[in-house]
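Chemist: With the input below, show me the fold.
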Amino acid sequence: MTLIRVLVSLPYNMCPGPKNMLALAEAYSKSIQEEDVMTAAQLKTRHVGKKDPKRHLEENVETVMGRTIRQTLGTMVNTVIF
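Modeler: This next block holds a predicted model:
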């Protein structure tokens, strides 16, 4: 990938939305509360066949942060060059 291609800002609709991240955060909070009442055997198999809210929330945060950093870097480079 060329530097110019990396620094091009992406459309806003390509980013995970705040509503999606809020839903994942609420699911993660609920998951943590459920851990207190589960046995060790239940904890091992509780996410089988389901979304792991913590993992998906981490992925969304990393995606948004990466895009924000690239866009900020692109803006800074454009300011200096032009």
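
Chemist: Please work out the average pLDDT along the strand or helix carrying Ala23.
Modeler: Assigned by DSSP states H and E, Ala23 belongs to helix 18-35. The predicted model gives helix 18-35 an average pLDDT of 86.

Chemist: what sits up against the very next helix or strand once past that helix?
Modeler: Later in the chain than helix 18-35, the nearest helix or strand by DSSP H and E is helix 40-45. Where contact means Cβ atoms under 8 Å, 6 or more residues apart in numbering, the residues beyond helix 40-45 that reach it are Glu35. Where C-beta positions appear, they are placed from N, C-alpha and C, glycine not excepted.

Chemist: in the helix holding Ala23, what's buried?
Modeler: Going by neighbour count (16 or more other Cβ atoms under 10 Å), the buried part of helix 18-35 is Met21, Leu24, Ala27, Tyr28.

Chemist: and the longest helix for the protein?
Modeler: helix 53-81 (DSSP state H).

Chemist: just checking, what packs against that one?
Modeler: Counting contacts by 3 or more Cβ pairs under 8 Å, 6 or more residues apart in numbering; DSSP states H and E, the secondary-structure elements packed against helix 53-81 are helix 3-7, helix 18-35.
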